[in-house]
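Asks: take this sequence and fold it.
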Amino acid sequence: MTAIDPALPLYLGLMSGTSADGIDAALVQFPAEGGCRFLHGHTHPWEPGLRAELIALGEGGSVDSLDTLGRIDAQIGLTFAAAANALLEASGVERVQVRAIGSHGQTVRHRPLASPAFTLQLGDANRIAEGTGITTVADFRRRDVAAGGQGAPLMPAFHLAMLGHSDEDRAILNLGGIANLTLIPRGGTPRGFDTGPANALMDAWCQRYRGVPFDADGAFAASGQVDEALLAQWLAEPWFALPPPKSTGREQFHLTWAEAALAGRTLAAADVQATLLELTAATVAGALLAHLPDTRRVLVCGGGVRNPQLLQRLSARLPGVVVESSAVHGLDPDYMEAMGFAWLAQRTLDGLAGNLPSVTGAEGPRILGAIHPA
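Replies: Numbering: from 1, shown residues only. Predicted structure coming up:
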């Protein structure tokens, strides 16, 4: 664990993404001169039954009653509190030292193009504040949506603050359940948007046909061959042609969506996995070349950073571009988003905006989130 600077407040970030493969908890400090001091991290497992409910909801499923919705909201909050407490125990940090927790919650529905637009993250922050004894900031996305934005992605503001001081056009790529890009041009306006599916579809296919939750090192995909006709059919999805700002989730890209293109085809499971991986590489590279063609460096974070097959295919589609982990620049790729929500909590408590209107499409900068005092 990095030594704590006693002159700086501590913040704790909690994040569970589209994959719902665990709750990432990060303990950090933010020096006045900039940057992020990552002190300790912990990934907390979901109870399998609750995780199955979350994935079903995220893929567009419904709850049978308000009682069920209330129970799930409370259970998520309790699990987030347990994740924070486990991190504090592992780090040896006293909870009174932590100024605030920033909690993303669990997205179960994201409809930025609905009328009216909405986004819904569950995880009762009252439970987190009560269970940890720490002021908790949560529900970051809905204020941006209320201001006419997509409510996502929110990490580009954090990326800009941490990695935006450069003399080159660069991008930060988060390979979570969904892939998203932050584009930071030299002297220009930062932008960011989701590009499409990443680990969520690959993980789901791997679970179904290999019985394991993810494709370790991309080995399953590497054992297959890309089916160009299937890839072309997936790439014809109209969402990919939408201009930014745009965001998406499991409700758009799930196995039922992927399997619709398999009707009448007989393909080996490994070939489908290879084609799913290529879909991620193709949509990320296509979006980058369309919106920041002079990019010289892509900094990768999220679970996909540990998939060498995916990084290899990205590099192949981006000749002349350096593709490397955010760790090279001092930010742990596994806890990037958790660190980002700790940063957003600090912004909220300090009365500072947390969104980038050029990214989300909101009418202007907004202070995000609701504060739940300890």
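
Asks: what's around the residue lying closest to residue 127 once chain neighbours are set aside, how many residues?
Replies: Spatial nearest neighbour of residue 127, excluding adjacent residues (CB to CB, 6 or more residues apart in numbering): residue 77 at 3.1 Å. The C-beta positions use only the backbone N, C-alpha and C, and glycine is treated the same way. Using other CB atoms under 10 Å, residue 77 has 25 other residues around it.

Asks: what sits against residue 77?
Replies: By CB atoms under 8 Å, 6 or more residues apart in numbering, the contact set of residue 77 is 123, 124, 125, 126, 127, 128, 131.

Asks: and the longest helix along the chain, how far from the chain's centre?
Replies: Secondary structure assigned by DSSP state H gives helix 66-91 as the longest helix of the chain. Here helix 66-91 is found 19 Å from its chain centre; the criterion is CA atoms, centre = their mean, to the nearest Å.

Asks: got it, and stretch 209-228?
Replies: 22 Å.

Asks: kindly export that stretch (C-alpha atoms) in CSV.
Replies: Extracted as CSV, the C-alpha positions of stretch 209-228 are listed here (Å, rounded to 0.1, in the frame of the first residue of the first chain):
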residue,chain,number,x,y,z
TYR,A,209,-20.1,-22.5,-24.1
ARG,A,210,-17.1,-23.0,-21.8
GLY,A,211,-18.8,-22.7,-18.4
VAL,A,212,-16.3,-20.1,-17.2
PRO,A,213,-17.1,-16.4,-16.6
PHE,A,214,-14.6,-14.9,-19.0
ASP,A,215,-12.1,-15.8,-21.8
ALA,A,216,-8.8,-15.9,-19.9
ASP,A,217,-6.1,-14.2,-22.1
GLY,A,218,-8.5,-14.4,-25.1
ALA,A,219,-7.5,-18.0,-25.6
PHE,A,220,-11.0,-19.2,-26.6
ALA,A,221,-11.2,-16.4,-29.2
ALA,A,222,-7.7,-17.2,-30.4
SER,A,223,-8.7,-20.8,-31.0
GLY,A,224,-11.4,-19.7,-33.5
GLN,A,225,-11.6,-17.9,-36.8
VAL,A,226,-13.4,-14.6,-37.5
ASP,A,227,-16.6,-15.1,-39.6
GLU,A,228,-16.6,-12.0,-41.9
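
Asks: what mean pLDDT does it get?
Replies: Mean per-residue pLDDT for stretch 209-228: 97.

Asks: residues of it that come out buried?
Replies: Residues of stretch 209-228 classed as buried: 210, 214, 215, 218, 220, 221, 222, 224, 226, 227 (neighbour count, 16 or more other CB atoms under 10 Å).

Asks: repeat for stretch 303-311
Replies: 303, 304, 305, 306, 307, 309, 310, 311.

Asks: tell me the pLDDT of the first one.
Replies: Taken from the predicted model, the pLDDT recorded for residue 303 is 94.

Asks: give the contact list for it.
Replies: Contacts here follow CB under 8 Å, 6+ apart; on that basis residue 303 touches 19, 21, 175, 176, 199, 214, 334.

Asks: one more time with 7 Å, if that's ok
Replies: By CB atoms under 7 Å, 6 or more residues apart in numbering, the contact set of residue 303 is 19, 175, 176, 199.

Asks: now name the helix or strand holding the residue nearest to residue 120 when sequence neighbours are not counted.
Replies: Nearest residue to residue 120 in three dimensions, chain neighbours excluded: residue 109, at 4.6 Å (CB to CB, 6+ apart). Assigning secondary structure by DSSP states H and E places residue 109 in strand 106-111.

Asks: who's in contact with that strand?
Replies: 16, 18, 20, 54, 57-58, 76, 117-123, 152, 247, 249, 251.

Asks: 6 Å instead, please
Replies: Residues from elsewhere that reach strand 106-111 (CB atoms under 6 Å, 6 or more residues apart in numbering): 16, 54, 57, 58, 76, 118, 119, 120, 121, 122, 123, 249.

Asks: still on that earlier bit, per-residue confidence at the residue nearest to residue 127?
Replies: 98.

Asks: gap between it and residue 161?
Replies: From residue 77 over to residue 161 the distance is 28 Å, taken as CB to CB, to the nearest Å.

Asks: one more: residue 175?
Replies: Counting by CB to CB - residue 175 and residue 161 are separated by 21 Å.

Asks: so for the two, which residue has more residues nearby?
Replies: Between residue 175 and residue 161, residue 175 has the larger neighbour count (other CB under 10 Å), namely 24 against 16.

Asks: for the more buried one, give the beta-bridge partners.
Replies: residue 179 (DSSP bridges).

Asks: helix/strand/coil for residue 102?
Replies: strand (DSSP: H, G, I helix; E, B strand; the rest coil).

Asks: neighbours of it, how many?
Replies: Residue 102, neighbours per other CB under 10 Å, totals 30.

Asks: quick one: it and residue 137 touch, right?
Replies: Yes: between residue 102 and residue 137 a contact is recorded at 5.2 Å, counting by CB atoms under 6 Å.

Asks: who's in contact with residue 2?
Replies: Contacts of residue 2 by CB under 6 Å, 6+ apart are residue 39.

Asks: any idea how far residue 57 is from it?
Replies: Going from residue 2 to residue 57 by CB to CB gives 37 Å.

Asks: do the same with residue 114
Replies: 16 Å.

Asks: the two - which one has more neighbours?
Replies: Set residue 114 next to residue 57 and count neighbours by other CB under 10 Å: residue 57 wins out with 23 against 11.

Asks: tell me the buried residues in the helix or strand encompassing that one?
Replies: Per DSSP H and E, residue 57 falls inside helix 48-58. By neighbour count on 16+ other CB under 10 Å, the buried set for helix 48-58 is 50, 51, 53, 54, 55, 57, 58.

Asks: can you check the pLDDT for the nearest residue to residue 186 once chain neighbours are set aside?
Replies: Spatial nearest neighbour of residue 186, excluding adjacent residues (CB to CB, 6+ apart): residue 169 at 5.7 Å. The model reports residue 169 with a pLDDT of 94.
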